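Colleague: Quick one: sequence plus predicted model below, questions after.
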Amino acid sequence: MHKVFISYHHDNDQWAKDHLLVLNALYDIFIDKSVDTGDIDDSLLSETIRTKIRDEYLRDSTVTILLVGKETMFRKHVDWELYSSMRDSAINKKSGILVVMLPDIALDYYTVGHGDIEKRVVYPDTTSWTRISTRSEYEKRYPYMPDRIIDSLLKGASISVVKWDKIATSPETLKLLIEWTHKDRAECDYDLSRPMRRHNG
């Protein structure tokens with residue numbers, strides 16, 4: 001099992017993390033290394049919170065699952081977690097990132113980050129694929145996606161974007177996506193040029 005950090009909007013989407021933890025308890029899919037509500041004092045300075053997330057939680061994980069709801073893209077802590085997951089240093093190696101679009105978004109799109117094996121196993125009924133190459137196309141398909149993820153998709157990083165219903169009742173699919181994300185993490189060429197978000201939107 002791989003060590004997984006779950007990044008999400010705590011106020012809106014705790015239910016989704018809880019669901020993943022129930023699946024995990026039943027099927028032993030991953031080792032949870034994410035921050036729970038109340039783990040970090042919100043009154044701490046922003047830099048202190050960033051350091052604690054990076055050094056006490058993300059440092060020990062190799063895969064970050066990003067749960068995307070309607071307000072996720074505006075959350076500064078989510079942006080810090082993504083940046084720290086993408087950053088490769090001597091102390092904190094970069095993680096692979098798996099994006100899960102939650103049901104309140106109701107999108108029909110998904111992105112394969114791990115090649116033909118993912119197409120065959122996760123989407124066996126899909127016979128036609130479209131390559132996306134512009135920011136406007138990504139923003140049209142994923143209007144609630146954090147900019148930092150779109151930046152890296154445009155750079156060619158191996159990031160899968162999957163709809164919630166593909167994994168919510170399929171622990172085997174979730175386990176495979178985590179495995180592929182872990183395997184391809186070292187080759188991920190993330191875009192870190194965007195400054196970290198300083199405030200919630």
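Modeller: Arrived safely. These numbers come from a predicted model, not from an experiment.

Colleague: For the chain, which segments are assigned as helices?
Modeller: Taking DSSP state H as the test, the helices found in the chain are 10-27, 46-52, 76-86, 115-122, 135-141, 147-155, 164-167, 171-183.

Colleague: what about these, which gets the closest to Val63?
Modeller: Of all these, helix 171-183 sits nearest to Val63, with 5.0 Å by Cβ to Cβ. Yep, even glycine has a C-beta here, placed from its N, CA and C like the rest.

Colleague: Can you give me the distance of Thr111 to Ile159?
Modeller: Using Cβ to Cβ, to the nearest Å, we find Thr111 at a distance of 7 Å from Ile159.

Colleague: Those two: which has the busier surroundings?
Modeller: More crowded of Thr111 and Ile159, by other Cβ atoms under 10 Å: Ile159, with 24 against 18.

Colleague: so how far is Arg198 from that one?
Modeller: Relative to Arg198, Ile159 is positioned 24 Å away (Cβ to Cβ).

Colleague: count of neighbours near Gly156?
Modeller: 14.

Colleague: Show the contacting residues for it.
Modeller: Asp189 (Cβ atoms under 8 Å, 6 or more residues apart in numbering).

Colleague: go again using 10 Å as the cut-off
Modeller: Gly156 makes contact with Gly113, Ser133, Glu187, Cys188, Asp189, Tyr190, Asp191 under the criterion Cβ atoms under 10 Å, 6 or more residues apart in numbering.

Colleague: Extract the C-alpha set from stretch 179-195 and format it as CSV.
Modeller: Output of stretch 179-195 as CSV, limited to C-alpha atoms (Å, rounded to 0.1, in the frame of the first residue of the first chain):
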residue,chain,number,x,y,z
GLU,A,179,-0.7,2.5,-8.0
TRP,A,180,-0.3,4.1,-11.5
THR,A,181,0.0,7.6,-9.9
HIS,A,182,2.7,6.4,-7.5
LYS,A,183,4.6,4.6,-10.3
ASP,A,184,4.7,7.6,-12.6
ARG,A,185,5.4,10.3,-10.0
ALA,A,186,9.1,10.6,-10.6
GLU,A,187,8.6,11.5,-14.2
CYS,A,188,5.9,14.1,-13.6
ASP,A,189,7.0,17.4,-14.9
TYR,A,190,4.9,19.8,-12.9
ASP,A,191,4.6,23.5,-13.5
LEU,A,192,5.5,25.4,-10.3
SER,A,193,5.7,28.9,-11.8
ARG,A,194,2.5,30.1,-10.3
PRO,A,195,2.9,31.9,-6.9
